[in-house]
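J.: Have a look; sequence and predicted model below, questions after that.
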Amino acid sequence: MKHNFNPGPSILPKSVLEKVSQSIVDLDDSGLSILEISHRSSAFKEVLEKTKHLVLEIAGLSVTDYGVLFLHGGASTQFLNVAANFLNNKAGYSNTGSWSAKAIKEAKHYGQVIEIASSAFSDYSYIPVSFDEDTSTLDYVHITTNNTIYGTQYSEIPETDCPLIADMSSDIFSRTLDYQKFDLFYAGAQKNLGPAGVALVVVKKTLLETVQRQLPSMLDYRLHLTKESSFNTPPVFAIYTTMLNLQWVKENGGLKKLNKKNNQKASLLYSEIDRNAKFRGFANKEDRSHMNVVFNLVDPTEKEIFDHIWESEGIVGLNGHRSVGGYRASIYNALDLKSVDLLVDCMKRFENR
Ligand SMILES: *Cc1c(COP(=O)(O)O)cnc(C)c1O
């Protein structure tokens, strides 16, 4: 058995994988595979509808106020899509990690971008709490709720006097949150939502009324909403698997239960990092992510010894991002507490060997 701490694509619940594997052979006794049905078929239209309603139900949002889109191109395409649709004059970005920096770079193709907060000068080890700018003059503010590479996370969502847009790729549906605070949020599915191949975009319909630019079809959120994410062939399999995963979220008690489970896993691991003299956490304590736990060895020359301990227990995906080094334990929704227990046990054994 493997204990999957991969940062993305990442762990999915076993029950979801089992159902998916059945559906690849025969979707609900239809005699057809999920991979060979039309995106215009009633079977797939039902999948789209169900997935949309699960997203809204889990987020606590109404279908009257919010549109739900399933798009190609990952979260990275949303970096430019958001700006193409909503950056008319000036937008404010909080620069809290490499993904934020990439979002800023893409937005600059469309208008003036100002960094209203940044932790870049301190290796992105914390979340800046306040903005250096009156946000009422901005088209929108963009934040990254969880910084996958550095292991920091907004514990509270900042207030703004303009629309708030968030990249939630690595912590979507991992905690209870007032999703109504956001005018738009998006996520590449492959971290906490489903397999690679689809990006979820949830957008307030009033925000769509602010679009001024003439847009090519594939960049136009309004068109994708009118066409129910089927302007062109949507990523059928990725959406279907996302639907199953959202059903799993619901059956497992929704965000309240997951919030509790994820907090438990995170505190267990951070407590060990703080207690064990062999390790050091990377992020500022108040801003620690409950999804990606980034830590280092105090003595990096002992790497081979520690690696051997966890690798021989079937733990995978623990190496840090190439830009930070050290270790990163991604502890997404589907990861069980017992996998974190095992990692903590490995850290103790390493200390006591
Ligand atoms: C992984 C990640 C991305 C990039 O997602 P793609 O779907 O690969 O484009 C963007 N933002 C955050 C926060 C991420 O973790």
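T.: Everything's here; your move.
J.: Close to the ligand: what parts of the protein are there?
T.: Residues of the chain that fall close to the ligand, judged by CB under 6 Å from any ligand atom: Gly8, Gly74, Ala75, Ser76, Trp99, Thr144, Thr148, Asp167, Ser169, Ser170, Gly188, Lys191. Bear in mind the C-beta positions are built from the backbone N, C-alpha and C, glycine included.
J.: could you dump those residues to a markdown table with distance to Leu35, neighbour count and pLDDT?
T.: Below are the residues of the chain next to the ligand laid out as a markdown table (distance: CB to CB, whole Å; neighbours: other CB atoms under 10 Å; pLDDT from 0 to 100):
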| residue | distance to Leu35 | neighbour count | pLDDT |
| --- | --- | --- | --- |
| Gly8 | 22 | 18 | 96 |
| Gly74 | 20 | 18 | 98 |
| Ala75 | 24 | 25 | 98 |
| Ser76 | 25 | 16 | 98 |
| Trp99 | 31 | 22 | 98 |
| Thr144 | 33 | 28 | 98 |
| Thr148 | 29 | 25 | 97 |
| Asp167 | 29 | 29 | 98 |
| Ser169 | 25 | 27 | 98 |
| Ser170 | 27 | 30 | 98 |
| Gly188 | 21 | 27 | 98 |
| Lys191 | 23 | 28 | 97 |
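J.: Now do the phi/psi pair for the closest residue to the ligand within the stretch 101-250 of the chain.
T.: Going by CB to the nearest ligand atom, the ligand is nearest to Gly188 of the stretch 101-250 of the chain, at 2.6 Å. In terms of degrees, to the nearest 10, the main-chain angles of Gly188 are phi -70, psi 130.
J.: Helices along the stretch 251-353 of the chain, start to end?
T.: With helices called from DSSP state H, counting those that start in this stretch, the stretch 251-353 of the chain shows them at 254-275, 303-311, 337-352.
J.: Arrange the ones you listed in JSON lines, one row each, with mean pLDDT, mean neighbour count and distance to Val55 as further columns.
T.: Below are the helices of the stretch 251-353 of the chain laid out as JSON lines (pLDDT from 0 to 100; neighbours: other CB atoms under 10 Å; distance: least, CB to CB, whole Å):
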{"stretch": "helix 254-275", "mean pLDDT": "98", "mean neighbour count": "17", "distance to Val55": "12"}
{"stretch": "helix 303-311", "mean pLDDT": "98", "mean neighbour count": "15", "distance to Val55": "35"}
{"stretch": "helix 337-352", "mean pLDDT": "98", "mean neighbour count": "17", "distance to Val55": "26"}
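J.: how about the helices of this structure, start to end?
T.: Remark: helices assigned in the chain by DSSP state H are 14-25, 42-59, 74-86, 98-107, 205-208, 221-226, 236-251, 254-275, 303-311, 337-352.
J.: So which elements touch the longest one?
T.: It stands for helix 254-275. Secondary-structure packing of helix 254-275 (3 or more CB pairs under 8 Å, 6 or more residues apart in numbering; DSSP states H and E): strand 279-281, strand 292-297, helix 337-352.
J.: got the buried residues for the first one?
T.: In this case it means strand 279-281. Neighbour-count burial for strand 279-281, counted by 16 or more other CB atoms under 10 Å, picks out Phe279, Gly281.
J.: give me every residue that touches Phe237.
T.: With contact taken as CB atoms under 8 Å, 6 or more residues apart in numbering, Phe237 is in contact with Ile34, Leu35, Pro195, Gly197.
J.: count of residues packed around the residue nearest to the last one when sequence neighbours are not counted?
T.: In this case it means Gly197. Excluding the flanking residues, the one nearest Gly197 by CB to CB, 6 or more residues apart in numbering is Ala238, at 3.5 Å. Neighbour count for Ala238, taken as other CB atoms under 10 Å: 20.
J.: so Ala238 makes contact with Ala199?
T.: No: using CB atoms under 8 Å, Ala238 makes no contact with Ala199, being 9.3 Å away.
J.: returning to that earlier point: can the helices of the chain go into TSV with extra columns for distance to His3?
T.: Below are the helices of the chain laid out as TSV (distance: least, CB to CB, whole Å):
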stretch	distance to His3
helix 14-25	13
helix 42-59	26
helix 74-86	26
helix 98-107	26
helix 205-208	41
helix 221-226	38
helix 236-251	19
helix 254-275	12
helix 303-311	9
helix 337-352	4
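J.: ok, Ile34 - contacts?
T.: The neighbourhood of Ile34, defined by CB under 8 Å, 6+ apart, consists of Val20, Ser23, Ile24, Leu27, Val236, Phe237, Tyr240.
J.: Most neighbours among those residues, which one is it?
T.: Among the contacts of Ile34, the one with the most neighbours (other CB under 10 Å) is Tyr240, at 27 neighbours.
J.: Is it in contact with Ser23, as I believe?
T.: Yes: Tyr240 lies in contact with Ser23 (CB under 8 Å); the separation is 6.9 Å.
J.: returning to that earlier point: please tabulate the helices of the stretch 251-353 of the chain in TSV and include distance to Ala91 as additional columns.
T.: Formatted as TSV, the helices of the stretch 251-353 of the chain follow (distance: least, CB to CB, whole Å):
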stretch	distance to Ala91
helix 254-275	29
helix 303-311	42
helix 337-352	38
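J.: Would you tell me which of these gets closest to Met291?
T.: Closest approach to Met291 among the helices of the stretch 251-353 of the chain is made by helix 254-275 (7.3 Å; CB to CB).
J.: Put the alpha carbons of the closest one into PDB.
T.: Written as PDB, here are the backbone C-alpha positions of helix 254-275 (Å, rounded to 0.1, in the frame of the first residue of the first chain):
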ATOM      1  CA  GLY A 254     -19.200  18.000   3.600                       C
ATOM      2  CA  LEU A 255     -16.800  20.800   4.400                       C
ATOM      3  CA  LYS A 256     -17.500  20.800   8.100                       C
ATOM      4  CA  LYS A 257     -16.200  17.300   8.600                       C
ATOM      5  CA  LEU A 258     -13.400  17.700   6.100                       C
ATOM      6  CA  ASN A 259     -12.300  20.900   7.800                       C
ATOM      7  CA  LYS A 260     -12.100  19.000  11.100                       C
ATOM      8  CA  LYS A 261     -10.200  16.100   9.500                       C
ATOM      9  CA  ASN A 262      -7.800  18.400   7.700                       C
ATOM     10  CA  ASN A 263      -7.100  20.400  10.800                       C
ATOM     11  CA  GLN A 264      -6.400  17.200  12.700                       C
ATOM     12  CA  LYS A 265      -3.900  16.000  10.100                       C
ATOM     13  CA  ALA A 266      -2.200  19.400   9.900                       C
ATOM     14  CA  SER A 267      -1.800  19.900  13.700                       C
ATOM     15  CA  LEU A 268      -0.500  16.400  14.100                       C
ATOM     16  CA  LEU A 269       2.200  17.000  11.500                       C
ATOM     17  CA  TYR A 270       3.100  20.600  12.500                       C
ATOM     18  CA  SER A 271       3.300  19.500  16.200                       C
ATOM     19  CA  GLU A 272       5.900  16.900  15.300                       C
ATOM     20  CA  ILE A 273       7.900  19.400  13.200                       C
ATOM     21  CA  ASP A 274       7.900  21.800  16.100                       C
ATOM     22  CA  ARG A 275       8.700  19.100  18.700                       C
END
